[in-house]
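Chemist: Sequence plus predicted model, see below.
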Amino acid sequence: MQKLPKNIAKIIDELIDQYLEEDRYNRSWIIGFSGGKDSTVLLTLVWLALIKIRKDNPTEILKRQIFVVCNDTMVENPIIDEYVNNVLQTIEKAAKKQQLPITVKTTTPQIEDTFWYCVIGKGYPVPNNSFRFCTEKMKIKPTLNFITNQVAENGEAIILIGTRLDESQQRAKSIRKHGVKGHRLSKHPLNPSTYTYAPIKELMLEEIWYIINAIPSPWGFDNQILFKIYSDASADDYECPTIITSDSHRSCGQSRFGCWVCTVVKEDKSMTALIKNGMGWMKPLLEFRNKLVANRNVSKYRNKTRRNGQLAVDETGHKQGNYTIEYRIQLLRELLSIQKDIQQYRASIDLITSQELIAIQVIWYRDGNFTTTVNDIYNEVYGYDLPNNNIGLEERLLLEKSCNNSSHYLLIQELLALQKNKVLLMKKYGLQTDLEARLERYVKETET
């Protein structure tokens, strides 16, 4: 292991001491991994601590299990979503190869808690500071469910968090509020059988970027990919004070990556910067997100009542209930149209899943809408019925790489939709004819 600055070496030694501390439950460590700079540094230092334990104590068995838990909100920034997926695969393979007790887990919200089910399905107005349903439903609940299950299995667990005092006054206040003086571990505010541990809380931003740029990833990933993502997503008026200086390290960012549909922030600076730095295909996403913000409180898009039947009209007659079914239909049509257009550039990107679409149809029926169905809209946009399948990002990326161009990818999706719908209807008769007719039409389309 290369010689490290004293403060970084001190954190690794502290991690080693904490890992080797005997306790009756042999409590698992849970590392919240977003793929961002801080969680990357946290996992790097934990990994280096495990390597050092094994080097210094060859007979020492690494008994404590470590879970690298990534929360996928299902509306992550597509650039980050693909990056994190690749990183997690690398972590999983490297941990197995190096025989480290590290397990990768990905959590997702339940269908009834996803962003599109809530907004397009139920008609929830998009989140703002006073109505922020997304954090609870899409982030806290899935992670707490995993933690609760882990605690039930092992008695207790320790959550390692990558928060730092240097991040913001609010973060510093939160860390100090929950911390116990003289103790590394603090009681988790929401789970009495869980503790939190913030090993990198004292690190400055310069030190975070030093670790990313100067210390090779112990799981073998290229950290320069992460550095470039931050560089491309940085606002023009901010230069990351990185210690490493070279042409390739001219700037990086303090940018935060989150959901591409986030309407809580006034402006999505990271996506705006990515578009300016060559990711022009993301522009429709930003425009759609901005439209969601602009139309949030427009009276004609809102009902007079909330979903519970409570009247929601102010003294001026302005409606403040959930979105009308007409507006929800409009949103779905626009979302699917954007998805189809983006797939011409990045075929693997799905903005909404088949399961969500089916769930949205169910809630629309419950709300009394029997005129325009989800399948009608999907057929209108794509020219074929909603596929009754959903493959993960990893499979979509493999399919994208295997296709010569995006039209091949879409053709395969359409053929799968034909096959799946026949199976669903238990009518396989005519399937071969349908497939041959579609292939023949594709050939004619490409010749013209």
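Modeler: Yep, that arrived.
Chemist: Just the CA atoms of the helix or strand hosting residue 42, as CSV, please.
Modeler: Remark: residue 42 resides in helix 37-56, with elements defined by DSSP states H and E. Only the C-alpha atoms of helix 37-56 are listed here, as CSV (Å, rounded to 0.1, in the frame of the first residue of the first chain):
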residue,chain,number,x,y,z
LYS,A,37,-17.3,11.4,-4.5
ASP,A,38,-17.9,11.0,-0.8
SER,A,39,-19.4,7.5,-0.8
THR,A,40,-16.6,6.4,-3.2
VAL,A,41,-14.0,7.7,-0.8
LEU,A,42,-15.7,6.0,2.2
LEU,A,43,-15.7,2.6,0.5
THR,A,44,-12.1,3.1,-0.7
LEU,A,45,-10.9,3.7,2.8
VAL,A,46,-12.9,0.7,4.2
TRP,A,47,-11.5,-1.5,1.4
LEU,A,48,-7.9,-0.4,2.2
ALA,A,49,-8.6,-1.1,5.9
LEU,A,50,-9.6,-4.7,5.1
ILE,A,51,-6.5,-5.2,2.9
LYS,A,52,-4.3,-3.9,5.7
ILE,A,53,-5.9,-6.2,8.3
ARG,A,54,-5.2,-9.1,6.1
LYS,A,55,-1.6,-8.0,5.3
ASP,A,56,-0.8,-7.3,9.0
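Chemist: Show the secondary-structure elements that it is packed against.
Modeler: In terms of contacts (3 or more CB pairs under 8 Å, 6 or more residues apart in numbering; DSSP states H and E), helix 37-56 is packed against helix 6-20, strand 28-32, strand 66-71, helix 205-214, helix 223-232. Where C-beta positions appear, they are placed from N, C-alpha and C, glycine not excepted.
Chemist: could you dump the ones you listed to CSV with mean pLDDT?
Modeler: As requested, the helices and strands packed on helix 37-56 are exported to CSV (pLDDT from 0 to 100):
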stretch, mean pLDDT
helix 6-20, 95
strand 28-32, 94
strand 66-71, 95
helix 205-214, 94
helix 223-232, 92
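Chemist: Residue 140: which of these is closest?
Modeler: strand 66-71 (9.0 Å; CB to CB).
Chemist: And the contacts of that closest one?
Modeler: For strand 66-71, the external contacting residues (CB atoms under 8 Å, 6 or more residues apart in numbering) are 28-35, 43, 46, 50, 84, 88, 91, 100-108, 138-139, 142-143, 146, 150.
Chemist: got the angle between whatever helix or strand comes next after it and helix 37-56?
Modeler: Next along the chain after strand 66-71, taking DSSP H and E as the criterion, comes helix 78-97. Interaxial angle of helix 78-97 relative to helix 37-56 (axes from the mean of the first three to the mean of the last three CA atoms, to 10 degrees): 10 degrees.
Chemist: Give me the mean pLDDT for helix 78-97.
Modeler: In this model, helix 78-97 has an average pLDDT of 95.
Chemist: Could you point out which of the helices and strands packed on helix 37-56 sits nearest residue 312?
Modeler: strand 66-71 (31.5 Å).
Chemist: Quick check: buried residues in the helix holding residue 42?
Modeler: 37-50, 52-54 (16 or more other CB atoms under 10 Å).
Chemist: hang on, the earlier thing: export the helices and strands packed on helix 37-56 to TSV and tack on mean neighbour count?
Modeler: As requested, those are exported to TSV (neighbours: other CB atoms under 10 Å):
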stretch	mean neighbour count
helix 6-20	16
strand 28-32	22
strand 66-71	22
helix 205-214	19
helix 223-232	19
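Chemist: Between these, which one is closest to residue 367.
Modeler: Closest among the helices and strands packed on helix 37-56, once you apply CB to CB, is strand 66-71, at 29.5 Å.
Chemist: what's the spacing between that closest one and its chain's center?
Modeler: 13 Å (CA atoms, centre = their mean, to the nearest Å).
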